[in-house]
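task: produce atomic coordinates for the following.
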Amino acid sequence: MEYVSAVSVPQPRAVTAPDAPGSRRSLAAGLLLGAAGATVVLLSSGQTWAEGRASVGGGFLPLSAEGQDVTGLPAALAVVGLAALVAVFAVRGAGRLVVAGLLALSGLGAGLSACLGAVDRAALDEKAAQTTGDTQATIDALSHTVWPYVTAVGGLLILLAGLLALRYGKRWPTMSGRYERDGTPRPRRASRTAPDPDRPEDLWKALDRGEDPTREV
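Just a heads-up that it's a prediction; the model follows:
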């Protein structure tokens with residue numbers, strides 16, 4: 001008769017092992033997308049978004065407007081997105097989901113505001129009024145460059161980083177995790193040897209440490 005051993009054989013952990021490479025990939029992708037998206041938004045917001053000309057004394061004056069003149073929202077949201085990207089690693093649990101959601105919303109807002117800026121003419125009309133001194137002056141031959149759409153792409157990258165943080169962020173490490181105690185008792189330091197009474201420098205060092213040099217170990 002054969003006897004079956006009662007000792008259970010350890011089974012391979014099929015869930016934890018595959019998660020480690022996946023979490024590392026999602027972490028790297030989230031950091032890359034968020035940082036790249038914010039950089040694209042900040043750089044492209046300083047480029048020329050719109051061009052036109054204003055009528056001045058029977059002639060025309062060429063004018064242009066940068067992204068910051070059209071709308072400062074994409075750049076501001078990119079800064080918020082960068083802060084949220086860093087904050088994702090400083091919180092955990094529900095707080096991480098909230099910060100990840102803020103990251104995603106920052107990218108979405110930056111992209112939408114950039115798309116709206118691609119058809120905006122208010123910034124150039126205002127510049128025409130200031131340049132000509134005529135509050136009724138408007139821009140003729142208005143055209144927009146590709147930079148608003150580049151900014152929108154940067155916002156999309158930030159949005160993707162936020163979605164990755166929402167989906168996989170719970171597996172990502174926390175910056176403060178290494179500094180938290182896990183509840184295990186700390187090992188006691190090895191006891192110091194008693195100072196040699198024949199060596200005055202040992203006695204002074206013991207006094208500096210707050211120890212009684214006359215106490216026997």
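
the spatially most central residue of the chain in helix, strand or coil?
Residue closest to the mean C-alpha point of the chain, counted by C-alpha atoms, centre = their mean, is Leu85 at 2.2 Å. For Leu85, the assignment made with DSSP: H, G, I helix; E, B strand; the rest coil gives helix.

which stretches of the protein have low pLDDT?
Scanning the chain for pLDDT under 70 picks out the ranges 1-22, 57, 137, 175-204, 206-208, 210-217.

distance check, the closest residue in space to Val56 that isn't next to it in sequence against Gly59.
Spatial nearest neighbour of Val56, excluding adjacent residues (C-beta to C-beta, 6 or more residues apart in numbering): Thr132 at 5.4 Å. Placement of C-beta: from N, CA and C, glycine included. Separation of Thr132 from Gly59 (C-beta to C-beta, to the nearest Å): 11 Å.

for Asp120, same thing?
Distance, Asp120 to Gly59, by C-beta to C-beta: 25 Å.

tell me which of the two has more neighbours.
Under the criterion of other C-beta atoms under 10 Å, the comparison of Asp120 against Gly59 puts Asp120 first, with 19 against 8.

name the helices or strands packed onto the longest helix along the chain?
Longest helix in the chain by number of residues (criterion: DSSP state H): helix 16-44. In this structure, helix 16-44 packs against helix 73-87, helix 94-117, helix 147-168, with contacts taken as 3 or more C-beta pairs under 8 Å, 6 or more residues apart in numbering; DSSP states H and E.

name the residues that touch the first one?
Taking contacts as C-beta atoms under 8 Å, 6 or more residues apart in numbering, the residues outside helix 73-87 that touch it are 30-31, 34-35, 37-38, 41-42, 45, 67-68, 99-100, 102-103, 106-107, 109-111, 113-114, 117, 151, 154-155, 158, 161-162, 165.

over to the second one?
With C-beta under 8 Å, 6+ apart as the contact definition, helix 94-117 has outside contacts at 34, 37, 41, 49, 67, 70-71, 73-74, 77-78, 80-81, 84-85, 87-88, 91, 148-149, 151-163, 165-166, 169-170, 172.

weed out the non-buried ones from those.
Among the contacts of helix 94-117, those that count as buried by neighbour count (16 or more other C-beta atoms under 10 Å) are 34, 37, 41, 49, 67, 70-71, 73-74, 77-78, 80-81, 84-85, 87-88, 91, 148-149, 151-152, 154-163, 165-166, 169, 172.
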